[in-house]
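> Model the following, please.
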Amino acid sequence: MFKLTASICAFAMLCATAPAISAPNLDTFRKELDTFVETQMHTQKVPGVAIAVLRNGKIVVAKGYGWANVELNVPVTTETMFQSGSVGKMFTAAAVMTAVEQGKMDLNDSVSKYLPDAPASWRPITIRQLLTHTSGLPNAGADFDLRRDYTDDELVKTFYPMTLDFEPGARWSYSNTGYQLLGILVKKATGQSYLDILDTHVFKPLGMKTARAVNDADIVPNRSAGYQLVDGELKNQDWVSMFNPTGDGSLYLSLDDMIAWARGVEKGAALSSNSWKQIYTPVRLNSGKPYPYGFGWFLDEAGGHPRYYHSGSWQGFRTFYSRYLGDDLSVILLANSADANTYALVDGIAALWDPTLTAPGPRPSPDSEADRSVTALIEAARAGTLRHQDVPLASPAALEESNQYFMPLLKRLGPLTKLELTDRREVGDDTVFSYAATFGARTIKVSFARGPGEQVSNFSIDD
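Below you'll find the model as predicted:
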């Protein structure tokens, strides 16, 4: 998505050696966590969440809060099934690496090996580039019919007319299209769906007893309902077709399933050590510069140590899985609200455990030119008039999506009253500026990036 809310850093920062602190008093931590989560749920109007905190694979907290189904007064438990959203991308990457280990795919294979009728512009695109969001393939536009039942072949053909946003490998741009294709290509390469591969090689071996594909027709025990806020009022999620679950994030997962996954990840299970090494290696752009994303994982830094994570958002659900390697800590959050601020929730939980995990770094010196740029972008987004010339390195489809998302948000927030630059860093070929933007009584993160030629490449608002 164009709305990239992840905090990112250069890979060199992952090698920092700050010492990890000892664990806090666990009883105190649990009480503070309960208070924090319940307060956030009330403030954000989130119906239900399931949260796990693990240290060294051992459960510190694993519990549900609120309601899995508001209409039926069904509480959230560790067995409640949530849609994965893009947290499912780390599982698709595991399915691809399983096929690679079996010798049925190669990371340097061209997409055209599996799709011989693909456009000529796709021939340079490799499996590796699909995994790392460097293919240049944009996300589907607003005209994509989410309520239509597509077969694999029909779905692929809707992608063929797409114009690449950039030369494959030249830039990083989050692409659900790329992961949808990966799920399809795995099947073409192996004769098995990526879901069958996951069930055989990941879910069952790791003890993920209820993980499965999203399917509206099946009877799914403990399935939660997804919700959204419409003018501040809780509503059921909009219906979309799940006829053909795709590799961008179409899984049902319980907290119990995610705990089993987290333990497997920490042990390097299900895949070879070489596969895990590649998964956690930042992609290198054509320029030779690293970008902090591997195969289905963001690669960041927290408290002077590596942090690996991914978030997810889809049709009434938001999810997050974050590993803090310095503290041997994992935080898992599953929510049944399209409007849940999972970044705030996960950061808040991490800060209760170890304040250094979310402590801000040194403030950069002011940059008046960047201030003017981000202020202009905020006001254009408020009016719904972001144009290609405002963010020339972004996808036109992404700009359309951003106008639809940011305009109502900014109108609710009101006028911008304060803007403070909090971070500036080099990421790949870009310089990323992060701001604390205050709108009345509320302060949120706003960021934008400049790419080659000082052109704006990204603009985001983290609500």
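
> show me where the stretch 351-463 of the chain has helices.
Using DSSP state H, counting those that start in this stretch, the helices found in the stretch 351-463 of the chain span residues 368-383, 396-413.

> again, but for the stretch 1-150 of the chain
Assignment of helices within the stretch 1-150 of the chain using DSSP H, counting those that start in this stretch yields the ranges 26-44, 89-101, 127-131.

> Can you add mean neighbour count and give the helices of the stretch 351-463 of the chain back as JSON lines?
C-betas here are computed from N, CA, C, even on glycine. Formatted as JSON lines, those follow (neighbours: other Cβ atoms under 10 Å):
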{"stretch": "helix 368-383", "mean neighbour count": "16"}
{"stretch": "helix 396-413", "mean neighbour count": "17"}
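
> Please tabulate those in a markdown table and include mean pLDDT as additional columns.
Formatted as a markdown table, those follow (pLDDT from 0 to 100):
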| stretch | mean pLDDT |
| --- | --- |
| helix 368-383 | 96 |
| helix 396-413 | 87 |
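
> Compare the ones you listed and report which one is nearest to Val346.
Checking the helices of the stretch 351-463 of the chain against Val346 by Cβ to Cβ gives helix 396-413 as the closest, at 20.5 Å.

> From the contact counts, what lies against that closest one?
Helices and strands touching helix 396-413, by 3 or more Cβ pairs under 8 Å, 6 or more residues apart in numbering; DSSP states H and E, are helix 368-383, strand 456-462.

> And these: which comes nearest Arg307?
Arg307 sits nearest to strand 456-462 of all the helices and strands packed on helix 396-413, at 16.6 Å, using Cβ to Cβ.

> Let me know whether Glu266 touches Lys58 as I believe.
No - if you go by Cβ atoms under 8 Å, Glu266 and Lys58 don't touch, sitting 10.4 Å apart.

> For those two, work out which one has more neighbours and name it.
Legend: neighbour count by other Cβ atoms under 10 Å for Glu266 and Lys58, higher for Glu266 (15 against 9).

> what comes up buried for the strand or helix carrying that one?
Under the assignment given by DSSP states H and E, the secondary-structure element containing Glu266 is helix 255-267. The neighbour-count criterion (16 or more other Cβ atoms under 10 Å) identifies Leu255, Asp256, Asp257, Met258, Ile259, Ala260, Trp261, Ala262, Arg263, Gly264, Val265 as the buried residues of helix 255-267.

> quick one: which of those residues is nearest Gly384?
Met258 (37.0 Å).

> And that closest one, how close does it get to Lys45?
Using Cβ to Cβ, to the nearest Å, one obtains 24 Å as the distance from Met258 to Lys45.

> Show me what Lys58 is bridged to.
Arg55 (DSSP bridges).

> pLDDT score for it?
Model confidence at Lys58, expressed as pLDDT, equals 97.

> again with Met1
In this model, Met1 is scored at 33, pLDDT.

> One more: Tyr150?
At Tyr150 the predicted local confidence, pLDDT, stands at 89.

> Leaving out sequence neighbours, find the closest residue to it.
Excluding the flanking residues, the one nearest Tyr150 by Cβ to Cβ, 6 or more residues apart in numbering is Asn244, at 5.7 Å.

> Could you do Ala62 as well?
Counting by Cβ to Cβ, 6+ apart, the residue nearest Ala62 is Ala52, at 4.5 Å.

> Do I have it right that that neighbour meets Leu253?
No - counting by Cβ under 8 Å, Leu253 is not a contact partner of Ala52; they are 11.6 Å apart.

> For Val214, give me phi and psi.
According to degrees, to the nearest 10, the main-chain angles of Val214 amount to phi -70, psi 130.

> Now do the contacts for it.
Gln83, Met242, Pro245, Ser250, Leu251, Tyr252 (Cβ atoms under 8 Å, 6 or more residues apart in numbering).

> Return the members of those residues classed as buried.
Among the contacts of Val214, those classed as buried by neighbour count (16+ other Cβ under 10 Å) are Gln83, Met242, Pro245, Ser250, Leu251, Tyr252.

> Would you convert the residues you listed into a markdown table that also reports distance to Arg128, secondary structure and pLDDT?
Putting the buried ones among the contacts of Val214 into a markdown table (distance: Cβ to Cβ, whole Å; DSSP: H, G, I helix; E, B strand; the rest coil; pLDDT from 0 to 100) gives the following:
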| residue | distance to Arg128 | secondary structure | pLDDT |
| --- | --- | --- | --- |
| Gln83 | 27 | strand | 97 |
| Met242 | 28 | coil | 79 |
| Pro245 | 23 | coil | 91 |
| Ser250 | 22 | coil | 95 |
| Leu251 | 23 | strand | 98 |
| Tyr252 | 28 | strand | 98 |
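
> Closest to Gly304 out of those residues?
When the buried ones among the contacts of Val214 are compared for distance to Gly304, the smallest value, 33.0 Å, is given by Leu251; criterion: Cβ to Cβ.

> Dig out what that closest one forms beta bridges with.
In this structure, Leu251 has beta-bridge partners Ala213, where bridges are defined by DSSP bridges.
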